[in-house]
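Colleague: Sequence first, predicted coordinates after that:
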Amino acid sequence: MPRPMQLSLAPEQLWQAINPWSFYQQGAQFGLVNIQLGRTPNPQLEQTILEEVGSYGRQIGRLGDALEVLLRHVKLDGLTQQEADALDMLRGQLAEIRRIKQRGPA
C-alpha cells in the first residue's frame, strides 16, 4: 500500500528567541521605524551620526541644497550632453523634493 503524502506547513521547531536589541543592531523593522545600516565597519559610529547629526535623508537633503548653490554659481560650459543631462535630472529631483517639502507632511 503506498504511503500517503505528508505536507507540513509549519516548521519543525515552533520557538524563536526574540531579542529586540539584536533586531535593532541587524537593521530589522522595529515598530514603525526601519533602520538598515547595511555593511559598515563601525555600526556604532553610524548610529551616533544618525542620532547627533541627522538621518540619511536629512544629510542627503543638505548635500542637495549645497549642490544647488554651486550649480547656480559655477560656470558649466563645455559639458557633454550626458553630463548636462545628469545635472538636469538632479535639478529636477531637487525641485520635486522642494515641492513635496512645501506641501507639508503626508
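Modeller: Okay, I see it.
Colleague: can you list the domains in this structure?
Modeller: Domains of the chain are assigned by automatic domain parsing as 19-53, 54-106.
Colleague: Mind telling me which of the ones you listed the model trusts least?
Modeller: When mean pLDDT is averaged over each of these, domain 19-53 scores lowest at a mean of 69.
Colleague: report the longest helix in this structure, please.
Modeller: Longest helix in the chain, counting residues (DSSP state H): helix 81-103.
Colleague: If you count neighbours, what's buried in stretch 69-85?
Modeller: Neighbour counts over stretch 69-85 (16 or more other Cβ atoms under 10 Å) mark no residue as buried. Placement of C-beta: from N, CA and C, glycine included.
Colleague: contact partners of that stretch?
Modeller: Residues outside stretch 69-85 that contact it (Cβ atoms under 8 Å, 6 or more residues apart in numbering): Leu87, Leu90, Arg91.
Colleague: residue ranges for the helices of the protein, please.
Modeller: Here the chain has its helices, by DSSP H, at 20-26, 43-52, 56-73, 81-103.
Colleague: quick one: buried residues of the second one?
Modeller: Right, helix 43-52. In helix 43-52, counting by 16+ other Cβ under 10 Å, buried: nothing.
Colleague: got the angle for that helix vs helix 56-73?
Modeller: Interaxial angle of helix 43-52 relative to helix 56-73 (axes from the mean of the first three to the mean of the last three Cα atoms, to 10 degrees): 70 degrees.
Colleague: quick one on the thing from earlier: tell me which of the contacts of stretch 69-85 is nearest to Gln47?
Modeller: Leu90 (29.0 Å; Cβ to Cβ).
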